[in-house]
Structure formats: C-alpha cells, structure tokens
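*Asks:* sharing a model that was predicted from the sequence below.
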Amino acid sequence: MLAIEAESVKLAFIIDPISTLDPCHDTSVALMEAAHIMGHEVWIAQVNSLSVVEGKAWAVLERVELVPIELVEGRWVAANPWYKLSDRTFMCLETMDAVFMRTDPPVTVPYLYATYILDYIDPKKTLVINNPSGIRAANEKMYALQFSKVIPETIVTADKQIIRQFVEAKETAVLKPLGNKAGEGILILQPSDRNFNSIIELSTLQGRVPVMVQEFIPDAKEGDKRIILLNGEPIGAVNRLSAAGEFRNNMATGGTVAKTDITPREHEICSQIAATLCQDGLIFVGIDVIGGYLTEVNVTSPTGVREIDRLDGTRLGHEVIKWIEQALHSKNKK
Ligand SMILES: Nc1ncnc2c1ncn2[C@@H]1O[C@H](COP(=O)(O)OP(=O)(O)O)[C@@H](O)[C@H]1O
Ligand SMILES: [Mg+2]
C-alpha cells in the first residue's frame, strides 16, 4: 500500500503559561506533543495576547518543540526541560492551519472576550477547536440539561425554597456552582443539615446567582467516568475514584484513575449527544458519566488523555491530530 505522507501544518494552542502545565497529566501537552512527533509546527499563545487588528484575530505566538514523555514502570516520566521555545512573533492566526482554544476554565469575562476575538478567524482558512460560539453556547454544567433522557433529575435556580423542596423530595442532592471545575464548590445537600440555609445563601450569593442541584447518584462511589469524544465519537475513557474521606471523584481532589470500558449505555449517551456537539463545533469534548447518567460536558480544556494512554496503551493525541490532518485535507480540496 502506498503511504501518503501528510503535509506539515501549523497548529496554534491557546493555553495557560506553558511553565504551569504538567506534561505527564495535561491533555494540551499530549496534543502538542503528538503534533510535534507527527512533523507539524506547534505554536502557543496565551489569551491575554489575543487581538483583533484590521478585522482579523492575531496573537503573540511562540514556536515550541517538545520532548515526548516516556512510560517507565507504568508511570509517565518527562525530560527536564520538556519544551523549548523560539521565534516569538505577533502573527495573524489565519497563518495557522488550526487553532486549539485550550485555556483552563473558569470561563471568566476575559475568557469570553477571547472567544469573541477568535470569531475573527475565517473558518475557511483556519479550523478553530472548539468553535468559539460553541464554547459560549456550552456552559459545562448547563449544556447537559438539553439531553433530558440521559441526565439525573436536575434543577437550576437561586431560589432557596425551590432548592429545599427538591432536596426534600430527593433526600440527598448535589449542589454545583455553574462556573466551577475540578470539584470546586461541589456540596452534598440534605434537608436535615443544620447548615442548609447557609450553604444555599453562600452558594447563590444570597439568592443572586443560580446553582445546579442534582439528585445524588449512589453509584458515584463506583466512579465518575471521563469519556473523550472526537467529532461526536467516543475514542477513550478512564474511571476516576474518590480519595478516602472524599465524595468527589475528581483527579484534582486526590481521586485515583482506573482502566475502564465504555458500556453500551455510555455508547448510547454518546450517540444521543453527538449530533448536537457536531452542530455546535464541539470537536474535542470530555463528558462525565456517573452511574450511567451524563453529569457534565467539558468543552474548554477537557483532560484525561494522558491517563487513558497510560492505562490502555493508546495514543489519543495522535488520533486527534490525524483527524485534524484529514479535516484540513478535505477543506483544502473544496
Ligand atoms: N449527581 C451526582 N451524584 C453524586 N455525585 C456527584 C453528582 N454530580 C457530581 N458528583 C460528584 O462531584 C464530582 C464533580 O462533579 P462534576 O459535575 O463533574 O463537576 P466538576 O468536575 O466540574 O467539578 C464528581 O466527580 C462526583 O464525585
Ligand atoms: Mg467533572
């Protein structure tokens, strides 16, 4: 068979300062590393350097070369230093073939403004992943509400009475601030809790900010599964289990990871949401599933690739970059 070598392309990653990233854990590094290994140019920028000049999006970009991490006795090991920067220049983002918006949440006002700047990239010239308007459409907690068949019973409100009624009916519920991540501000609610009113007042800033309140899924003790979707298709998954004395299963709250499979029910969830994700330009997404229920759709900078690759021997970063190569190839043919 004739091997067709993919042409080298230019990829920009809008990320938090590279020195703050963990090469053995962060998916952004996995994607950049895969692109580098596959012979592409990798550039990075930070949100605060984004500009619109003469109607086009620009950024201060730095070329980066990465030393791939290695698996040693079941653990990822990174070289020190693991990246090298060069060629810092202010460039129009349309000189790139693809731009990954991978800044960590929370989605603050400057973050939102960055997505408005990215709107000034012509999609005919440059792929933007995820689509900036899709990122704005998809609050990571609230986006799941539209898939009512596959989510646990959920309300969103700032009203203490409505929350109390819901929690009394459910006996135990989970409260989630709408803009947080990594387990931050996630609380268990029980009607008998003597702090109940105070918890609601603090979480809703005295009834001014709505929060999500969801029925408690007892199967959460079996883990919170992260499934990575590429263009609506599940490509890998990892289970996350809480640390001792902690109910939250997030890696950031000390949770451990375990190898897992994607069950038929989870495939069903993925197929229920795939068309909507694709319509919204949400190409690289991480969903959270607890006890067979969709609890969160992460679209800003979903992680999990390093853990899945370590446990399953996959190279998900390569799959993503290969998808980009093909998408660019079909775009250029048009
Ligand atoms: N409905 C639920 N029932 C039980 N536990 C939950 C529920 N929703 C979330 N959790 C717990 O809270 C953690 C974080 O929830 P999630 O909705 O993914 O928010 P985030 O990861 O953005 O903080 C989960 O890993 C899980 O342990
Ligand atoms: Mg989560």
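*Replies:* Sure, I can see it. Computed from a predicted structure; not experimentally measured. Numbers count the residues shown, from 1 in each chain. Ligands and ions are numbered 1, 2, ... in the order given.
*Asks:* so which residues on this protein come close to ligand 2?
*Replies:* Residues of the chain lying near ligand 2 by C-beta under 5 Å from the ion: D288, E296. Heads up, the C-betas are built off the backbone N, CA and C, glycines and all.
*Asks:* where does pLDDT dip in the chain?
*Replies:* 1-6, 334 (pLDDT under 70).
*Asks:* buried sites along the top helix by length along it?
*Replies:* The longest helix of the chain (DSSP state H) is helix 316-333. Under the neighbour-count criterion of 16 or more other C-beta atoms under 10 Å, helix 316-333 has L316, G317, H318, E319, V320, I321, W323, I324, E325, A327, L328 buried.
*Asks:* which residues touch that helix?
*Replies:* Identification of contacts with helix 316-333 by C-beta atoms under 8 Å, 6 or more residues apart in numbering yields 6, 9, 11, 27, 30-31, 33-35, 37-38, 40, 97-98, 124, 127, 129, 228, 230-231, 235-236, 283-284, 305, 308-309.
*Asks:* so how far is it from its chain's centroid?
*Replies:* Relative to its chain's centre, helix 316-333 lies at 19 Å (C-alpha atoms, centre = their mean, to the nearest Å).
*Asks:* dump the C-alpha coordinates for that helix into PDB.
*Replies:* What follows is helix 316-333, C-alpha atoms only, in PDB (Å, rounded to 0.1, in the frame of the first residue of the first chain):
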ATOM      1  CA  LEU A 316      -5.300   9.500  21.600                       C
ATOM      2  CA  GLY A 317      -3.300  12.700  20.800                       C
ATOM      3  CA  HIS A 318      -2.200  11.100  17.600                       C
ATOM      4  CA  GLU A 319      -5.800  10.300  16.700                       C
ATOM      5  CA  VAL A 320      -6.900  13.900  17.300                       C
ATOM      6  CA  ILE A 321      -4.100  15.300  15.100                       C
ATOM      7  CA  LYS A 322      -4.800  12.700  12.400                       C
ATOM      8  CA  TRP A 323      -8.400  13.900  12.400                       C
ATOM      9  CA  ILE A 324      -7.200  17.500  12.000                       C
ATOM     10  CA  GLU A 325      -5.000  16.400   9.100                       C
ATOM     11  CA  GLN A 326      -8.000  14.800   7.400                       C
ATOM     12  CA  ALA A 327     -10.300  17.700   8.100                       C
ATOM     13  CA  LEU A 328      -7.700  20.100   6.600                       C
ATOM     14  CA  HIS A 329      -7.200  17.800   3.700                       C
ATOM     15  CA  SER A 330     -11.000  17.800   2.900                       C
ATOM     16  CA  LYS A 331     -11.300  21.500   3.500                       C
ATOM     17  CA  ASN A 332      -8.400  22.300   1.000                       C
ATOM     18  CA  LYS A 333     -10.000  20.000  -1.600                       C
END
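*Asks:* just the element for L85, please.
*Replies:* Assigning secondary structure by DSSP states H and E places L85 in strand 83-92.
*Asks:* partner strands of the helix or strand that contains I235 and their direction?
*Replies:* Under the criterion of DSSP H and E, I235 resides in strand 233-241. The pairing partners recorded for strand 233-241 under DSSP bridges are strand 224-230 (antiparallel), strand 256-258 (antiparallel).
*Asks:* gap between stretch 180-189 and the chain center?
*Replies:* In terms of C-alpha atoms, centre = their mean, the centre of stretch 180-189 is set 17 Å apart from its chain centre.
*Asks:* buried ones in it?
*Replies:* K181, G183, I186, L187, L189.
*Asks:* same question, stretch 35-49
*Replies:* Neighbour counts over stretch 35-49 (16+ other C-beta under 10 Å) mark A35, H36, M38, H40, E41, V42, W43, I44, A45, Q46, V47 as buried.
*Asks:* quick one: end-to-end length of it, please.
*Replies:* Stretch 35-49 has its terminal residues 23 Å apart, counting by C-alpha to C-alpha, to the nearest Å.
*Asks:* repeat that for stretch 49-58.
*Replies:* End-to-end span of stretch 49-58 (C-alpha to C-alpha): 8 Å.
*Asks:* what about that stretch, distance to the chain center?
*Replies:* Centroid separation for stretch 49-58 versus its chain: 25 Å, with C-alpha atoms, centre = their mean.
*Asks:* all helices for the protein, in order.
*Replies:* Under the criterion DSSP H, the chain contains helices at 27-37, 109-118, 132-137, 160-170, 196-203, 264-279, 305-312, 316-333.
*Asks:* out of those helices, nearest to S148?
*Replies:* Across the helices of the chain, S148 has its closest neighbour in helix 264-279 (10.1 Å, C-beta to C-beta).
*Asks:* list the buried ones in the closest one?
*Replies:* By neighbour count on 16+ other C-beta under 10 Å, the buried set for helix 264-279 is E266, I269, C270, I273, A274, T276, L277.
*Asks:* and these, which two are furthest apart?
*Replies:* E266 and T276 (16.7 Å).
*Asks:* hang on, the earlier thing: and the buried residues of helix 316-333, which is closest to ligand 1?
*Replies:* Each of these was checked against ligand 1 using C-beta to the nearest ligand atom; the closest is L316, at 19.7 Å.
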